[in-house]
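J.: show me how the following folds:
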Amino acid sequence: MASLDARAVAGLLREYAQRTALRGGNPYRAKAYARAADSLAALAVPLDVLIAEDRLTEIPGVGNAIADVITELHKTGSHPSLEKLRKEIPAGVLEMLAVPGLRPEKVLRLYKDLGIGSLAELEAAAKDDRIKKAKGLVAALQTKILQNLAIAKSGEGRLHLHRAAALLAHAQDSIRKARPELKRVTIAGDFRRGCELVGDLAIVAEAPEAAKAPNPSPADGLQIRLSDRKHFGATLLFATGSAAHIEQLQAFAAEKGMRLKADGLQKGRTLVAGEEAEIYRALGLPFIGEGRGEIELALKGKLPKLVTDQDLRGILHCHTDASDGTETLETMAKATRQRGFEYFGVADHSKSAHYAGGLSVEEIAQQHREADRLNKRFSKAFRILKGIESDILADGSLDYADDVLERFDFVVASIHGRFKLDRKAQTQRLLRAISNPHTTIIGHMTGRQLQRRPGYEIDVEKVLRACAKHDVVVEINAHPWRLDLDWRWHQAALEFGCIMSINPDAHSIPELDHMHWGVVMARKGGVPADRILNAMTLPEITRYLRQKRRSLARAA
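T.: Purely as a prediction, here's the structure:
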């Protein structure tokens, strides 16, 4: 048989990962196969070339063992271990692994005890109230399955931003090495547009003779579009812009007697503009791109100057090994300082978060002593700010007494449990927390985790209005699994008068760099730097927090 291309091998490798997960044992083994499958799907160089040149281990996530499996799959279309696994479980059962919260051992139980062998059969069984009849499964799981089936269907084939970033960076590097004649190798698609989940991995490159140059992409997983220099910008625009935005631009061009096509902006047979910036300039617009009314704002001169990575002066909402982080306070603070920031806001979990090693009152005092010691060593240009991520309890109260809360420079109030409260009760819970004068920031407001669980039901508008009224900051949680508050609510938050804070929710040093994804979301939501709390300098935020505490003291 003919050898398989990268996309086909990626599909088999993903099947290998799923069947390995169902077999049990080391969970990291299955995850390793899944990551390698993602990397293969975004391969920019033909797989047979990499195999022939013994370069498979250059692919992210591919070591020697997985490289051997890939080689066998490529050559024969199968692997002895995969064939053995196929005899154990029907193919349809693998579909159920896509449902968030449905772990492999539960999928296996559903298959063995109830004979459920596909996603469609799972949905039918849940609707017929049959799930809870399986040994070891409960009614709550049945409800969860029904809720999360939609996530399984909508998130299929899409990647979190940080994972897409790694794959696209590798693809860029591979293309440049394999095709040195190509210029301006540029990431496009969902990623360039800042979508929170990336479905299309796309790259645009300038070729000397685009019409004759073969497409270097060996698979549909990574789309590579080639263009000549004259039409490069237009190609990039069409490979990036949302369908709604492109349609709006085309309609706007038509009103001006021009036509916008994939090869540029034309008037009659004349090419008016072929570069992105030139196209917008010819239309009398600044460089914009989503399709949510920004053209109208641009025409009125009301587009804001959006926040950038360079605008951020400090990091707030981070965890250390005092709760569920991996590093000490000193290590996290130094890593933050090395990144050029002026302050590090520690916000470990509070006492109710037993699962995350929440801090007792004694541990808080210990951490504050450590912060004081470190602050004496740091120059005046850097400071540790003492914070806490205080759990919002079911009744909306925070889980420390007022005399403890007043010891902190800032308090991030967050929900970490009781997600099933109805919309009214959940909203009231948040409103009470917001009205607590000790609350500085509302953390990950809706509690969503992308491709894992939907956010809890709340009246977002009412919550945002309350934040503005009580001078409580709205978090843009930059962790790529959260990206919460959703960027689609950012304009409403600004209109109500809210201040926002881009926070990494970092539990390790690498996660400090999640800040960038928060900036991407804030820009997509149209947020300017002057509405971001941690765009304040150290003296400014110190003054802001001190004034808030003084207001609290006066109110008391």
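
J.: what sits up against the helix or strand residue 475 falls within?
T.: Per DSSP states H and E, residue 475 falls inside strand 473-477. Outside of strand 473-477, the residues within contact range by CB atoms under 8 Å, 6 or more residues apart in numbering are 317, 412, 440-445, 464, 467, 483-485, 490, 493, 498-503, 505, 518, 521-522, 525, 527, 533. (C-beta placed from N, C-alpha, C; glycine too.)

J.: among these, which ones are in strands?
T.: 317, 412, 441-442, 500-503 (DSSP state E).

J.: what's the neighbour count on the residue lying closest to residue 337 once chain neighbours are set aside?
T.: Once flanking residues are discounted, residue 337 sits nearest to residue 382: 4.9 Å by CB to CB, 6 or more residues apart in numbering. Neighbours of residue 382 under the rule other CB atoms under 10 Å: 19.

J.: pretty sure residue 382 contacts residue 340?
T.: No: the pair residue 382 / residue 340 is not scored as a contact, 10.0 Å apart, by CB atoms under 8 Å.

J.: against residue 443, how distant is the closest residue to residue 158 other than its chain neighbours?
T.: Leaving out its chain neighbours, the residue that sits closest to residue 158 by CB to CB, 6+ apart is residue 197, at 4.0 Å. The spacing between residue 197 and residue 443, counted by CB to CB, to the nearest Å, is 21 Å.

J.: neighbour count winner among these two?
T.: Neighbours of residue 197 and residue 443, each counted by other CB under 10 Å, are more numerous for residue 443; the result is 27 against 18.

J.: identify the residues contacting the more buried one.
T.: Per CB under 8 Å, 6+ apart, neighbours of residue 443: 317, 389, 412-414, 475, 477, 503, 505.

J.: and the residue nearest to it when sequence neighbours are not counted, what pLDDT?
T.: Using CB to CB, 6+ apart and skipping the chain neighbours, the partner closest in space to residue 443 is residue 414 (3.5 Å). pLDDT for residue 414: 97.

J.: just confirm residue 414 contacts residue 392, I think it does.
T.: Yes: at 6.4 Å, residue 414 counts as touching residue 392 under the criterion of CB under 8 Å.

J.: thinking again about what came up before, in ChimeraX, how would I select the buried members of the ones in strands among the contacts of strand 473-477?
T.: ChimeraX command restricting those to the buried ones, with burial defined by 16 or more other CB atoms under 10 Å:
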select :317,412,441,442,500,501,502,503
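
J.: for residue 46, state which of the ones in strands among the contacts of strand 473-477 is nearest.
T.: Distance to residue 46, by CB to CB, is smallest for residue 502 among these, at 40.3 Å.

J.: tell me the bridge partners for the closest one.
T.: Bridge pairing for residue 502 (DSSP bridges) gives the partners residue 476.

J.: check the gap between it and residue 40 for me.
T.: Taken as CB to CB, the span from residue 502 to residue 40 is 33 Å.

J.: how about residue 341?
T.: Counting by CB to CB - residue 341 and residue 40 are separated by 37 Å.

J.: more neighbours: which of these two?
T.: Taking neighbours as other CB under 10 Å, residue 341 and residue 40 compare with residue 40 leading, 34 against 20.

J.: confirm the more buried one sits in a strand?
T.: No: according to DSSP: H, G, I helix; E, B strand; the rest coil, residue 40 belongs to no strand; its state is helix.

J.: so who does the nearest residue to it once chain neighbours are set aside touch?
T.: Spatial nearest neighbour of residue 40, chain neighbours left out: residue 10 (3.8 Å); criterion: CB to CB, 6+ apart. When the contact criterion is CB under 8 Å, 6+ apart, the partners of residue 10 are 37-38, 40-41, 219, 221.

J.: among these, name the buried ones.
T.: 37-38, 40-41, 219, 221.

J.: which ones are touching the residue lying closest to residue 116 once chain neighbours are set aside?
T.: Using CB to CB, 6+ apart and skipping the chain neighbours, the partner closest in space to residue 116 is residue 110 (4.5 Å). Contact analysis of residue 110 by CB under 8 Å, 6+ apart lists 96, 116, 122, 125, 131, 134, 137.

J.: scan this protein for its longest strand.
T.: Assigned via DSSP E, the chain shows its longest strand as strand 383-391.

J.: what packs against that one?
T.: Packed against strand 383-391 by the contact rule (3 or more CB pairs under 8 Å, 6 or more residues apart in numbering; DSSP states H and E) you find strand 314-318, strand 343-349, helix 361-377, strand 410-414, helix 538-555.

J.: does anything pack onto the longest one? Which helices or strands?
T.: Just to be clear, that refers to helix 538-555. strand 383-391.

J.: residues in contact with the very next helix or strand once past the strand it packs on?
T.: For strand 383-391, the following helix or strand on the C-terminal side (DSSP H and E) is helix 402-405. Helix 402-405 has contacts (CB under 8 Å, 6+ apart) with 361, 364, 388, 390, 398, 411, 438.

J.: buried sites along helix 402-405?
T.: Neighbour-count burial for helix 402-405, counted by 16+ other CB under 10 Å, picks out 404-405.

J.: what mean pLDDT does it get?
T.: 95.

J.: do stretch 489-507 as well
T.: pLDDT averaged over stretch 489-507 gives 97.

J.: start and end of it, how far apart?
T.: 26 Å (CA to CA, to the nearest Å).

J.: so how far is it off the chain centroid?
T.: Stretch 489-507 has its C-alpha centroid displaced from the chain centroid by 15 Å (CA atoms, centre = their mean, to the nearest Å).

J.: if you count neighbours, what's buried in that stretch?
T.: Under 16+ other CB under 10 Å, the buried positions of stretch 489-507 are 489-491, 493-494, 496, 498-507.

J.: and residue 88, which of the helices and strands packed on strand 383-391 is closest to it?
T.: strand 343-349 (40.5 Å).

J.: what's around residue 120, how many residues?
T.: 11.

J.: re the thing from before, for the helices and strands packed on strand 383-391, which one sits closest to residue 21?
T.: Nearest to residue 21, of those and by CB to CB, is strand 343-349 at 29.3 Å.

J.: what sits up against that closest one?
T.: By CB under 8 Å, 6+ apart, strand 343-349 touches 313-320, 322-325, 329, 332-333, 336-337, 356-359, 367, 371, 382-389, 391, 409-410, 412, 416, 534, 538, 541.

J.: which element is the closest residue in space to residue 111 that isn't next to it in sequence on?
T.: Nearest residue to residue 111, sequence neighbours excluded (CB to CB, 6+ apart): residue 93, at 5.0 Å. Using DSSP H and E, residue 93 maps to helix 91-94.

J.: quick one: contacts of that helix?
T.: Against helix 91-94 from outside (CB under 8 Å, 6+ apart): 15, 18-19, 22, 107, 111, 116-119, 121.
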